[in-house]
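Trainee: Here is the input, now give the coordinates:
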Amino acid sequence: MRRFLRPGHDPARERLKRDLFQFNKTVEHGFPHQPSAGYSPSLHILAIGTRSGAVKLYGAPGVEFMGLHRENNAVMQIHFLPGQCQLVTLLDDNSLHLWSLKVKGGVSELQEDGSFTLRGPPGAAPSATQITVALPHSSRELLYLGTESGNVFVVQLPGFRTLEDQTISSDAVLQRLPEEARHRRVFEMVEALQEHPQDPNQVLIGYSRGLVVIWDLQGSRVLCHFLSSQQLENVSWQRDGRLIVTCHSDGSHCQWPVSSETQQPEPLRTSMPYGPFPCKAITKIFWLTTRQGLPFTIFQGGMPRASYGDRHCISVVHNGQQTAFDFTSRVIDFTVLAEADPAAADNPYALVVLAEEELVVIDLQTAGWPPVQPPYLASLHCSAITCSHHVSNIPLKLWERIIAAGGRQNAHFSTMEWPINGGTSLAPPPPQRDLLLTGHEDGTVRFWDASGVCLRLLYKLSTARVFLTDTDPSENLNAQGEDEWPPLRKVGSFDPYSDDPRLGIQKIFLCKYSGYLAVAGTAGQVLVLELNDEAAEHAVEQVEADLLQDQEGYRWKGHERLAARPGPVYFEPGFQPFVLVQCQPPAVVTSLALHSEWRLVAFGTSHGFGLFDHQQRRQVFVKCTLHPSDQLALEGPLSRVKSLKKSLRQSFRRMRRSRASSRKRRPAGPPGEMQAASTKPERTGLQNMELAPVQRKIEARSAEDSFTGFVRTLYFADTYLRDSSRHCPSLWAGTNGGTVYAFALRVPPAERRTDEPVRAEQAKEIQLMHRAPVVGILVLDGHSVPLPEPLEVAHDLSKSPDMQGSHQLLVVSEEQFKVFTLPKVSAKLKLKLTALEGSRVRRVGVAHFSSCRAEDHGEHHLAVLTNLGDIQVVSLPLLKPQVRYSCIRREDVSGIASCVFTKYGQGFYLISPSEFERFSLSTKWLVEPRCLVESAKMKSHSCPSNGNGPGFEKALGPTRNSGSQSDGEEKKPGPVMEHALLNDERVLKEIQSTLEGDRGSYGNWRSHRMAVGCNLSSGGAE
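Mentor: Numbers count the residues shown, from 1 in each chain. Predicted structure coming up:
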């Protein structure tokens, strides 16, 4: 009776819970959604803002800051103040915001110091003050703002006070022009503002109609002007101030000499790089000197309009060599990193490009201009993410082999050190090695180093080579002849197009001890792979698993299976497939389990599940779970054949059954479960007892509901299944209809393993009366501890399970948790979820929580994610709720579907198609960036200026503080990017389009709490 009563308050337990549990959203991995950016030449810091108002700053690997504008408006431009740890952001509502990196509590925080909106005179048009370009002056006190009206306003910092007497109006400029220049409509919006590289009293103003003037700030006069016949896009000023390069809307750029003797010089040279046919506009240009005397010309756009108008290109021209770097997503902005010594030449060494979907850095000092591999801002969504899997504490040998295989794939990258290196990370090395594996729509699996703050790509596995697709995997789609023009070269990893959606990876399972990997896909393909340090060419053995055996009258209406490539296939060093199990019908694989000690792999679809012996390359058994009413299960996710009439009919039937059952339902007393092993009926005395608040009444579901045979979970266990005297290997399967199947396995001993077959026999079948989907199965040993992973005991990384006491079976359905005794399978405990808001279990994982005070104290618990976005921790084996946190918005269905728990109370979920949010439920195991910014002398590199101010300063709230909550107290979480992203319904729809069905998998993750610090230098003016 106690399990139905409200538990009493135990102060000692409450204190212990505070030592064990604490909720923190710690760091965001991946590439910001819909970005804009800025770069600080003196700090060597890259700032990225998004359309949802979020801000991220990146320096050396491990140096990160996050913030969020309160307004959630799109960030259009970012400008760092020269030589200072301050920056100004411009939002799409025309408001300006000043930010500072300030030390607080030993760490730096990104704080908003103030905001300002430029106001015009009463009755003025909005364009009069609509800001188009901003220029932070080297005096560090003034901000020049160009507007759509052609006026340039001056604002004093940090107070944002408008200095009206210093406004440079278009009328004032017009009056100071020669008579012949006044007759043309040379004004309109300001396109460029530049400070003289040597003289801070001179400012260049470029107008969209083609007029460029150099304005004397002290004398309020025009020193000289340049008049082009084409619309102006941008300007680059050479570092000695003697040459100006303008770029225009017709795809041309012009060089103009700056001379005090000539008021209106003619251009020295006009060039149309990809003419003579009509070209697109060159929107930004750099003209940089070198010690050898031959300049670098780097510009965006200018491609021939008819043939290449849809390309996103940045061209680099130097010493007779010309390359047009071709990006697969729109270029947001770019900058060039060059030496800062004013007496020397620019000598550019790196090109930094922010595209809409990735960050690309090009090494300009190495022949061929190779790309540099980024240590952060990984393009997770280079192909849409379809599933994820986490493995913690990777053995060193496996880690090194994976890195070696990935190193061969990265041979095309430059050996240059990462040039965005602001600050110094003070974090200790990660205490262990963790892997995050992501499956993608194009059939690839990517291995990420998830040990610390930076998520770094280690290795990429492609399964497309096993199958016949539209493209030959050996052909190079980017290859071009030497004489091709324009000289295009594909760069970057973002490739959203898949040759065949059936290649998509749905489930991943990696054994870190044996090196075996199992991956399953959209068209029923299950591949078993092993790690090989050498390239190999061999045939992949194919086995077909017919899940509709002895079933008549069923016809698959979905997609066809993938055709396997016949004969030997060449595989690169790394994970190489040796067997392919093809499910028939070729439906999406919904569950996967691998037991590397027994050399078995289990797989499930919406039609049933099977067991395969990958050592003997033979099928052990298949079990069809299809119900006669499961016709929708035969249509497949890619089929367009949908029966609307049938769906409506089933909905009305459920409504009628719901009304009927509510009239017949007894006052209380939850329904029991029908089991293979007989159980005692619930006592009638419980029917009149008031349920505790954590309980909920469960409404039974009909067996006629669609997809009841959908296999949700598979689990291997060595436990007592037949009797209490002998334990044996077993396979457990849970379905969408609330059925649990248990199969006893006979695995031959090692000396006869290759000769004798593995045998299986169904031993148990449990049917939950409420028929809720089974989302998790777990066996506890005699000490109520979850059974260890395969080979974990053999590697002395876990204690041997207690096989003396009685084992317990935990079945987690969407509605409730229930513990059974083994081998009798009699009910022992259960916990139901609250009915207040229709809560359902979506994800469940076993996690080990260590105390932050007592080193020797740790507990195993269940981490549970519901459809409301709440995360609960439930104790084992007593099923007592410990803590509950709000983690994901309930509207974010895709974020909930993408969540994966780790072994030590961590988790990951998608907050956008390209970003993972990392969170922690543990007080001890936590990874988060903690940075310190201190002023120091200026470093010896800078960024040359262009028409958008000092460098890469285009298109960044208070600092992101980890929202921490513990039992008995709650802290307000700081604003994070997730909140802004998830206010955008387009983001939710985009994630939803890449995820379908059940994407989660049990994962393992562990890492010490780490402090990430940095020392950023701020120096003099550029």
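
Trainee: can you list the weak-confidence ranges in this structure?
Mentor: Regions of the chain meeting the criterion pLDDT under 70 cover residues 1-9, 183-187, 262-264, 342-343, 471-483, 550, 628-706, 834-837, 933-1022.

Trainee: Distance check, the most centrally placed residue in it against Leu91.
Mentor: For the chain, Glu915 is the residue whose C-alpha lies nearest the centre (Cα atoms, centre = their mean; 2.4 Å). For Glu915, the distance to Leu91 equals 21 Å [Cβ to Cβ, to the nearest Å]. No exception for glycine: its C-beta is placed from N, CA and C like everyone else's.

Trainee: cool, and Ser498?
Mentor: Ser498 is 36 Å from Leu91, by Cβ to Cβ.

Trainee: Who has more neighbours out of those two?
Mentor: Leu91 (21 against 18; other Cβ atoms under 10 Å).

Trainee: contacting residues around that one?
Mentor: 53, 69, 71, 73-76, 97 (Cβ atoms under 8 Å, 6 or more residues apart in numbering).

Trainee: now do Ser260
Mentor: For Ser260, the contacting residues are 223-224, taking Cβ under 8 Å, 6+ apart as the criterion.

Trainee: Could you verify that it is part of a helix?
Mentor: No. Per DSSP: H, G, I helix; E, B strand; the rest coil, Ser260 lies outside any helix segment and is coil.

Trainee: Now do the phi/psi pair for the nearest residue to Gln804 once chain neighbours are set aside.
Mentor: Excluding the flanking residues, the one nearest Gln804 by Cβ to Cβ, 6 or more residues apart in numbering is Gly782, at 5.4 Å. Dihedral angles phi and psi of Gly782 (degrees, to the nearest 10) take the values phi -60, psi -20.

Trainee: which ones are touching Ala411?
Mentor: For Ala411, the set of contacting residues under the criterion of Cβ under 8 Å, 6+ apart is empty.

Trainee: Could you do Cys899 as well?
Mentor: Taking Cβ under 8 Å, 6+ apart as the definition, contacts of Cys899 comprise 842-843, 865, 888, 907-909, 1000.

Trainee: switch to 6 Å and redo it
Mentor: Counting by Cβ atoms under 6 Å, 6 or more residues apart in numbering, Cys899 touches 843, 865, 909.

Trainee: ok, for it, nearest residue in space, not its chain neighbours?
Mentor: In space, not counting the residues next to it along the chain, Cys899 is nearest to Tyr909; the distance is 4.0 Å by Cβ to Cβ, 6+ apart.

Trainee: Equivalent analysis for Gly159, please.
Mentor: Leaving aside its sequence neighbours, Gly159 sits nearest to Gly114 (Cβ to Cβ, 6+ apart; 7.4 Å).

Trainee: What of Leu145?
Mentor: Taking Cβ to Cβ, 6+ apart, and ignoring the residues beside it in sequence, Leu145 has Phe153 as its nearest neighbour in space, at 4.6 Å.

Trainee: before we move on, the earlier item: would you list the contacts of Cys899 in CSV and tack on distance to Val747?
Mentor: Rendered in CSV, the data for the contacts of Cys899 read as follows (distance: Cβ to Cβ, whole Å):
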residue, distance to Val747
Arg843, 30
Leu865, 34
Tyr909, 36
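
Trainee: Which members of these occur in strands, if any?
Mentor: In strands, defined here by DSSP state E, the members of the contacts of Cys899 are 843, 865, 909.

Trainee: contacting residues around the second one?
Mentor: Contacts were defined as Cβ under 6 Å, 6+ apart; by that measure Leu865 touches 842-843, 871, 899.

Trainee: quick check, nearest of those residues to Leu488?
Mentor: Closest approach between the contacts of Leu865 and Leu488, by Cβ to Cβ: Cys899, at 40.3 Å.

Trainee: Just the C-alphas of the one helix or strand Ile777 maps to, formatted as CSV.
Mentor: According to DSSP states H and E, Ile777 maps onto strand 774-780. Extracted as CSV, the C-alpha positions of strand 774-780 are listed here (Å, rounded to 0.1, in the frame of the first residue of the first chain):
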residue,chain,number,x,y,z
VAL,A,774,7.2,0.1,-24.5
VAL,A,775,10.1,2.6,-24.7
GLY,A,776,12.6,0.9,-22.4
ILE,A,777,13.6,-2.5,-20.9
LEU,A,778,16.2,-3.0,-18.2
VAL,A,779,17.3,-5.9,-16.0
LEU,A,780,18.7,-5.3,-12.4
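
Trainee: and the end-to-end length of stretch 792-800?
Mentor: From its first residue to its last, stretch 792-800 covers 9 Å (Cα to Cα, to the nearest Å).

Trainee: Not counting that stretch itself, show me its contacts.
Mentor: For stretch 792-800, the surrounding residues in contact (Cβ under 6 Å, 6+ apart) are 513, 788.

Trainee: Can you show me the CA trace of stretch 296-309 as CSV?
Mentor: Taking Å, rounded to 0.1, in the frame of the first residue of the first chain, the C-alpha atoms of stretch 296-309 are listed here in CSV:
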residue,chain,number,x,y,z
PHE,A,296,46.2,40.0,-53.4
THR,A,297,42.8,40.9,-54.8
ILE,A,298,40.0,39.1,-53.0
PHE,A,299,36.4,39.8,-53.8
GLN,A,300,32.9,38.4,-53.4
GLY,A,301,30.5,37.9,-56.4
GLY,A,302,31.2,39.2,-59.9
MET,A,303,30.3,35.9,-61.6
PRO,A,304,28.8,35.7,-65.1
ARG,A,305,25.1,36.3,-64.6
ALA,A,306,23.7,33.9,-67.2
SER,A,307,25.7,30.7,-66.4
TYR,A,308,26.9,31.2,-62.8
GLY,A,309,24.5,33.7,-61.3
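
Trainee: ok, and for it, which residues are buried?
Mentor: Under the neighbour-count criterion of 16 or more other Cβ atoms under 10 Å, stretch 296-309 has 296-305, 308 buried.

Trainee: Mind picking the two most distant members of the residues you listed?
Mentor: Phe296 and Arg305 (25.3 Å).

Trainee: Could you tell me the backbone phi and psi angles at Ala897?
Mentor: In this entry, Ala897 is assigned phi and psi values of phi -70, psi -30 (degrees, to the nearest 10).

Trainee: follow-up on the earlier one: so what's the residue nearest to Cys899 up against?
Mentor: Tyr909 makes contacts with 895, 898-899, 917, as judged by Cβ under 6 Å, 6+ apart.

Trainee: change it to 7 Å
Mentor: Tyr909 makes contact with 888, 895, 898-899, 916-917, according to Cβ atoms under 7 Å, 6 or more residues apart in numbering.

Trainee: Likewise for Glu233?
Mentor: With contacts defined as Cβ under 7 Å, 6+ apart, Glu233 is in contact with 191, 247-249, 281-283.

Trainee: Closest one of those to Ile766?
Mentor: Checking these against Ile766 with Cβ to Cβ, the nearest one is Thr283 at 65.0 Å.

Trainee: And the helices in the chain, which stretches?
Mentor: All helices of the chain, identified by DSSP state H, fall at 11-20, 170-175, 179-182, 305-308, 396-409, 644-664, 893-897, 977-981, 985-994.

Trainee: is it true that Ser922 touches His848?
Mentor: No. Under the criterion of Cβ atoms under 7 Å, Ser922 lies out of contact with His848, with a separation of 8.7 Å.

Trainee: what touches both of these two?
Mentor: With contacts taken as Cβ under 7 Å, 6+ apart, Ser922 and His848 have Tyr904 as neighbours in common.

Trainee: neighbour-wise, which of these two wins?
Mentor: More crowded of Ser922 and His848, by other Cβ under 10 Å: Ser922, with 25 against 17.

Trainee: For the more buried one, give the beta-bridge partners.
Mentor: With DSSP bridges applied, Ser922 shows beta-bridge pairing to Phe21.

Trainee: Quick one: residues contacting it.
Mentor: Counting by Cβ under 7 Å, 6+ apart, Ser922 has contacts 849-850, 904-905.
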